[in-house]
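*Asks:* what's the 3D shape of this:
(one chain, ligands or ions: 2)
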Amino acid sequence: MRHNIDREQSRSQSEIIWIGKAAAAGALICYFPVMTKSSWRRRIERADELRERHSFASEILSFYVQIAKFQENLHREFASAPKEDSDSIFNALNSGDTARLQSRFGSFLSVVEEYGPATLVALSKQLRACETSWSELLTEAWGQPAPSDVKTILTQAFLQPFAELLRSRTKIRPAQQAYAVCPCCSRKPSFGVLRQMGEGASRSMACGFCLAEWDFRRIVCPGCGEENDSKLAVYTATDFDYIRVECCDTCKTYLKTINLTKNGRAEPLVDELASAPLDLWAREHGYAKLHSNMLGM
Ligand SMILES: [Zn+2]
Ligand SMILES: [Zn+2]
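*Replies:* Ligands and ions are numbered 1, 2, ... in the order given. I've put the predicted structure just below:
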């Protein structure tokens, strides 16, 4: 064990325990889960459940629920719209889609202003005051693979349902590669998922923007391709015993993987948001998140 677990336990309020090294490798197979209304409902209901259970996550999940309800409606609107101008691809929005998205951005800002934390409320009001720049903002945010500024992260949360819709209409298979990149929008994964596969479990990576999910070998760092299992540490915590903090000591990145074989009720996107104490623990240990989630955490 290479970390002073007890000392960190008091800081993070989570008991972090070593659970071993990454498990057996698997084949790279891409699949695209179909987004349905019930999937949105499941996320919202899971967020409601978790915010009751985890007081530390209550504020962020309450905000997420409102964002998700807006996203659900936006997804439905665009899914039912005529497809003649929906030929946007993941490296560029076309002018028709940009204009339609722009017409809904003000409603999104209203949700942020009503339910968001103070910093986002202030940002939202700033954005509302410069409506003439929305088109440029949406276009730039769409093409930004790894935003670090809050304005772009917030704008990508608005764009996420449209990215998810385009992904559901896209047939792309990933190339064999040593590190993980979304086969649709070329972003790094925001989280991983473990699912039952025969006697064991298979790991997949998930894009936080278009929500593509693709299988990825278990003994490989998704950030740098490291395959030496002595460099790939996995941790879990008593509060979230179904969430693995998968760290790489070569590139010093981590991502959280939701183990559905341990908790079949989890909604990976939502449970990843709810487990913020694990992010705090990882950062305290010198690891950087491979890619932030939808809310920039
Ligand atoms: Zn993607
Ligand atoms: Zn690495």
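
*Asks:* In three-state terms, label the closest residue to Cys248 other than its chain neighbours for me.
*Replies:* The shortest distance from Cys248 to any non-neighbouring residue, by Cβ to Cβ, 6 or more residues apart in numbering, is to Cys221 (3.8 Å). Where you see a C-beta, it was placed from the backbone N, CA and C, and this is true even at glycine. Following DSSP: H, G, I helix; E, B strand; the rest coil, the label given to Cys221 is coil.

*Asks:* switch to numbering from 144
*Replies:* Yes, from this point I'll number from 144; that puts the last item at Cys364.

*Asks:* Test my guess that Cys364 contacts Leu375.
*Replies:* Yes: contact criterion Cβ atoms under 8 Å: Cys364 and Leu375 qualify, at 6.0 Å.

*Asks:* okay, and the common contacts of the two?
*Replies:* Contact criterion Cβ atoms under 8 Å, 6 or more residues apart in numbering; residues shared by Cys364 and Leu375: Cys391.

*Asks:* Mind pulling up the pLDDT for the residue nearest to Cys391?
*Replies:* Looking at Cys364, its pLDDT reads 96.

*Asks:* do the same with Met144
*Replies:* Confidence score, pLDDT, at Met144: 31.

*Asks:* which residues sit in contact with the residue nearest to Cys391?
*Replies:* Contacts of Cys364 by Cβ under 8 Å, 6+ apart are 322, 370, 374-375, 391, 393-394, 396.

*Asks:* try it again with 7 Å
*Replies:* Counting by Cβ atoms under 7 Å, 6 or more residues apart in numbering, Cys364 touches 375, 391, 393-394.

*Asks:* From the chain's centroid, how far away is the strand ranked longest in the chain?
*Replies:* Using DSSP state E to define each element, the chain has its longest strand at strand 383-391. Centre-to-centre, strand 383-391 and its host chain are 15 Å apart (Cα atoms, centre = their mean, to the nearest Å).

*Asks:* Low-confidence regions, the stretch 194-343 of the chain specifically.
*Replies:* The model of the stretch 194-343 of the chain has pLDDT under 70 over residues 226-233, 315-321.

*Asks:* need the strands for it, in chain order.
*Replies:* Taking DSSP state E, counting those that start in this stretch, the strands of the stretch 194-343 of the chain run over residues 334-340, 343-349.

*Asks:* Go through those and name the closest to ligand 1.
*Replies:* Nearest to ligand 1, of all those, is strand 343-349, at 8.7 Å by Cβ to the ion.

*Asks:* residues from this structure in reach of ligand 1?
*Replies:* Contact residues (Cβ under 5 Å from the ion) of the chain with ligand 1: 325, 327-328, 330, 350, 352-353, 355.

*Asks:* just curious, which of those residues is nearest to Lys268?
*Replies:* Closest to Lys268 out of the residues of the chain next to ligand 1 is Phe352 (25.1 Å), distances taken as Cβ to Cβ.
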